[in-house]
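Trainee: here's a sequence, model it:
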Amino acid sequence: MRTVAQLAGVSAQQASVVIGRLVELGVVERRDVPPASLVRLVADNLAARAVASVANLRSAALERLSALAADITPPPASLVVFGSFARGEAGPGSDVDVLAVRPPELTYGADGEWVDSLGRWGDQATRAIGNPVNLVEVEIAELPGLLSGPGPSVWHDAARDGVVIAGAPLTAVARAA
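Mentor: Here you go, the predicted model:
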């Protein structure tokens, strides 16, 4: 129970009480193997399925963002979720940071379709996942300089921890630029 308590951020006694109630409800099975207790979700239980679904919510959100990105016109050179959401550390009130790298053929002034399409994607993404999406946009030519700057930076974090949802990884885009 200590491990469950640590993962949940509660006391071992509270974890034991909750696990006991979940056993009563048929959501989990518990088998005592002294000095430990083994617990697992009951695969056939609807509530257990809901719990498992919530546990996979981040992956489902990233898949949905990626599916929505297919409608961005023209397609971005790279679209990367970074920050706390990418690292799996986001809370209910966290925003979702997304770096959009303009495609190479796009120039400022001739980018109306891109801006509109990216804005629509941001709105759809916010509705789909329920958290505000914070879009950061850069030109492809800017990327090598941003990633090669000294010391830790948001750009280094995005390249290291970011989750690519469209286009190529940031380091590959920077090399090609």
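
Trainee: in the protein, which helix is the longest?
Mentor: The longest helix of the chain (DSSP state H) is helix 112-129.

Trainee: how distant is that helix from the center of its chain?
Mentor: Offset of helix 112-129 from its chain centre (CA atoms, centre = their mean, to the nearest Å): 17 Å.

Trainee: whichever helix or strand comes after that helix packs against which elements?
Mentor: Sequence-wise, the next helix or strand downstream of helix 112-129 (DSSP states H and E) is strand 133-138. Applying 3 or more CB pairs under 8 Å, 6 or more residues apart in numbering; DSSP states H and E, one finds that strand 133-138 contacts strand 96-101, helix 112-129. From N, CA and C alone the C-beta is placed, and that goes for glycine too.

Trainee: I'd like the ones you listed laid out as CSV, including mean pLDDT.
Mentor: Output for the helices and strands packed on strand 133-138, formatted as CSV (pLDDT from 0 to 100):
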stretch, mean pLDDT
strand 96-101, 96
helix 112-129, 94
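
Trainee: would TSV of those with mean neighbour count and distance to residue 66 be doable?
Mentor: Shown next, in TSV, are the helices and strands packed on strand 133-138 (neighbours: other CB atoms under 10 Å; distance: least, CB to CB, whole Å):
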stretch	mean neighbour count	distance to residue 66
strand 96-101	24	11
helix 112-129	16	10
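
Trainee: export these as TSV, with columns for distance to residue 175.
Mentor: As requested, the helices and strands packed on strand 133-138 are exported to TSV (distance: least, CB to CB, whole Å):
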stretch	distance to residue 175
strand 96-101	13
helix 112-129	23
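
Trainee: out of these, nearest to residue 23?
Mentor: helix 112-129 (32.8 Å; CB to CB).

Trainee: quick one: the longest helix of the chain to strand 133-138, angle?
Mentor: For helix 112-129 and strand 133-138, the angle between their directions (axes from the mean of the first three to the mean of the last three CA atoms, to 10 degrees) works out to 150 degrees.

Trainee: so which residues make contact with helix 112-129?
Mentor: With CB atoms under 8 Å, 6 or more residues apart in numbering as the test, helix 112-129 has contacts from 61, 64-65, 68-69, 71-74, 76, 96, 98, 100, 102-103, 106, 132-133, 135, 137.

Trainee: residue ranges of each domain in the protein, please.
Mentor: What automatic domain parsing lists as the domains of the chain is 2-55, 57-176.

Trainee: can you tell me which of these is packed in deepest?
Mentor: Of all the domains of the chain, domain 57-176 carries the top mean neighbour count, a mean of 16, counting by mean count of other CB atoms under 10 Å.
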